[in-house]
Structures are given as structure tokens and as C-alpha cells.
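Trainee: pasting the structure only:
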Ligand SMILES: NC(=O)c1ccc[n+]([C@@H]2O[C@H](COP(=O)([O-])OP(=O)(O)OC[C@H]3O[C@@H](n4cnc5c(N)ncnc54)[C@H](OP(=O)(O)O)[C@@H]3O)[C@@H](O)[C@H]2O)c1
């Protein structure tokens, strides 16, 4: 089947010119925004115009998009009716203020914050898991991108759930500091230097020292003693995959720059052997299995940084329950956990003919 495109034929050349989209990235100077610019270019997403937006303090600062350099504009002064697609990555407060307004102005918003993930009128999408939910995007012109830890988890769970139905999952995360934005990365770097040299190691972004330490706390405490980061993982897994999966989570921040890891214990309704699970995961979209019983036969966040895949290692039987497996799941939180998934959502909208170009929908079928 061919791609749905709006096309123009040139009288001078015997080829079809495919129109691209006018795209704006809000939060273009941030960790995720910069990755979005890189991945749109890497995946050849059809972009005709790119606008980089950030806060007023970044106005005029430059970001790279392929060979080009783009100057940042202030979100407050931008006319969103002049673009087709907006990738929002500037935090929940900015999304709550802007995303609905932008959606009403015309473009579709892919929102990277937690602001709309639980909204029943907004689809929450991981394209390998629930692409069919995308139709709901038309309701508010907003699609939500999940939390970084959930995105990689559901990619790994989906094919196993289809095969043997997951009853219960226990997940412990080992989340990198880049999940807390560029300030999180700066804090790990500065504290590491300060502890062994001169400098101030006082925690600012994280509540306790993160260098050479592990914090069993991400986000905010809830009344039940869990954190909101932990609750995001079960809420979002239920919305995208299956509300009947029982999921309990401990989220932990570790002194790693990029790449989230997860120790995952699964209990299934039906039998599933280790070899069968390994084969299913190998065939599944977006997953790479690295699972050999040797020193180098597993993945670490350092290996996963900069990669697109969700990596699965250490696939073992859990002998303490009737049908149980243990896995180790690692991915680049700035890529599959954020920017890559957002760009894959944009590709899905494009394939479904749900995005407009400057002069209408891309509707002619070619190829
Ligand atoms: N990092 C991850 O692993 C990850 C994963 C999934 C989702 N997310 C979500 O993605 C979003 C961004 O995360 P990040 O890691 O890229 O954070 P970051 O590195 O701290 O970057 C934040 C970006 O937002 C911009 N911004 C801040 N306040 C703004 C305002 N009032 N108006 C316009 N722009 C504003 C900043 O611009 P200035 O440079 O001008 O301040 C910067 O470009 C958050 O919602 C986060 O929850 C992150």
C-alpha cells in the first residue's frame, strides 16, 4: 500500500514532489527537544518548515536541524495557526497552558508532558502497542506521549501479553538523570566533580545527593506512599495495553546520564517458556534481544544511549510462581522514552492521512 501524500507534478521533471509539513518544536533547547530535531532529520520526516520555540530567555539562541541552524522564538509571540504539527516538550505547566489552545488553532499537538495522558479524549500512543487509538486524536487535536519508563516497558510487555496474557507485573526502575531534564544532567556532572575536588555538592534539582548514590524517589509523594512517577507507570500501561494487568512499581533515580533500565517480573495466565519468550521478543517491533549467558551478553544504559531500540536481556524463568518470567529492559529515555516515540506518532498521523499541509491534507495515494 502506498503512502498518502499531497503531491504536485512538475511540468519540467517527470516526478512527484511530495509536500512536507510546517513543524514547530516547543522546548527546542531542552534535552528532549534537541533529540526531536535530530530524529526528525534522521528519519527523514517530511518537514518543509521548522520552527524552534522555547522560553523568552532563549529567544535568538541557535539550535541545529540537519545542516541548518534555526533561531529560537518566544512561544508567547508565535502564531500557531501557521503550522501543521507541534511537538510539545516544555513540561506540564507549559502544556496545560498551551496545548489545547494550539490544538484549537489548527495543528495537531504531540504532547510529551503528563498533562493530557489520562484525558479520556486524548489518545496515549506507543505505535508498536496501540496504533489503532490514534483516531481519537481528532477530538482535541492532541496526542499524548507516555512517560519514558512506561514507553519502553509497554513495548516489551505487548508481545508477551498477546502470547500468554500477563496477570501481574512487578517493575523496579533504574532511571537516568536526563529524565529530569538538562538541570538533572548538570547536577550529576557538577556534584561528581565537586565531591572529588572543590565545589558545591549541595543537592538542588534532586532532593538528595545523586552522585555516587541511588534515590528511591522520583516525582512527588502521594497519600498512599507511592510517587506520582510510579502511578504514571500503571495508569499509562492500563490505558495503552490492558486495564486488567496488575502492576506494582518502585521508581529509582541512579547516577547514569542517559538510559533507563527496568527489572521486570511477570506472571502469566498461560505457560510461556523462556525460549518461546525470547523468540517472540526477537520478532516483535522495536525490540532487540541481547541475551547470552556470558560477560557481555546483556545490555546496559551506556550501550543503549543513542539507540532506537528497546533492549531486552536476562530473560529467565521465575520459579516462584506457576507461569513466571524475569526480564531486564533498557532503552534511551530521550529517544524511545520521549523524542523517538513522538516522531513515530507523527509518522503514524502522516500514514493515516491525519496531518494537514499548508495547502490541505496529503491525500493522493502514490507508490
Ligand atoms: N527527559 C526525559 O526522559 C523525558 C521523557 C519523557 C517525557 N519528558 C517530558 O519532556 C518535557 C521536557 O523534558 P526535557 O528533559 O527536555 O527538559 P529540559 O531539558 O529541562 O528542557 C525544557 C525545555 O522547555 C523549555 N521551557 C521551559 N519553560 C518554558 C516556557 N515557559 N515557555 C516555553 N518553553 C519553556 C525550555 O526552554 P529554555 O531553554 O528557554 O528554558 C527547554 O527548551 C517534560 O514535560 C518532560 O516531562 C521527558
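Mentor: Yes, it's here. Just so it is clear, the model here is predicted, and its values are computed rather than measured.
Trainee: can you list the residues of this protein near the ligand?
Mentor: 26-33, 54-55, 57-58, 75, 89-92, 94, 112-113, 147-148, 178-179, 181-183, 333-334, 337-338 (Cβ under 6 Å from any ligand atom). (C-beta placed from N, C-alpha, C; glycine too.)
Trainee: so where do the helices sit in the stretch 51-200 of the chain?
Mentor: 92-105, 137-140, 148-164, 181-196 (DSSP state H, counting those that start in this stretch).
Trainee: mind checking which of these is nearest residue 229?
Mentor: Closest to residue 229 of the helices of the stretch 51-200 of the chain, according to Cβ to Cβ: helix 148-164, at 7.4 Å.
Trainee: so what pLDDT did the closest residue to residue 238 other than its chain neighbours get?
Mentor: Nearest residue to residue 238, sequence neighbours excluded (Cβ to Cβ, 6 or more residues apart in numbering): residue 245, at 6.9 Å. We have a pLDDT of 98 for residue 245.
Trainee: Am I right that residue 245 is in contact with residue 239?
Mentor: No. Counting by Cβ atoms under 8 Å, residue 245 stays clear of residue 239, with 11.3 Å between them.
Trainee: These two: which is more packed in?
Mentor: residue 239 (23 against 19; other Cβ atoms under 10 Å).
Trainee: Show me what the residue nearest to residue 56 when sequence neighbours are not counted is bridged to.
Mentor: Leaving aside its sequence neighbours, residue 56 sits nearest to residue 74 (Cβ to Cβ, 6+ apart; 4.8 Å). Taking DSSP bridges as the rule, residue 74 bridges to residue 54.
Trainee: shouldn't residue 74 be in contact with residue 57?
Mentor: No. Counting by Cβ under 8 Å, residue 74 does not reach residue 57; the two are 9.1 Å apart.
Trainee: How about residues contacting the one helix or strand residue 342 maps to?
Mentor: Using DSSP states H and E, the element containing residue 342 is helix 340-351. Applying Cβ atoms under 8 Å, 6 or more residues apart in numbering, the external contacts of helix 340-351 come out as 3-4, 21, 32, 35-36, 39-40, 43, 45-46, 85, 87, 89, 108, 110, 112, 125-127, 131, 134, 137, 143, 145-146, 151, 308, 332, 355, 362.
Trainee: Following the chain onward from it, which element is next?
Mentor: strand 356-357.
Trainee: Please state the offset of that following strand from the chain centre?
Mentor: 24 Å (Cα atoms, centre = their mean, to the nearest Å).
Trainee: I'd like to know which elements that strand is packed against.
Mentor: Contact partners of strand 356-357 among helices and strands, from 3 or more Cβ pairs under 8 Å, 6 or more residues apart in numbering; DSSP states H and E: none.
Trainee: Going forward, the N-terminal residue is numbered 35.
Mentor: Renumbered: residue one is now 35, and that last one reads strand 390-391.
Trainee: in its sheet, what does it sit against?
Mentor: strand 394-395 (antiparallel).
Trainee: is the closest residue to residue 242 other than its chain neighbours in a bridge, and if so with what?
Mentor: Sequence neighbours aside, residue 249 is the residue nearest to residue 242 in space, at 5.6 Å (criterion: Cβ to Cβ, 6+ apart). Assessed by DSSP bridges, residue 249 has beta-bridge partners residue 287.
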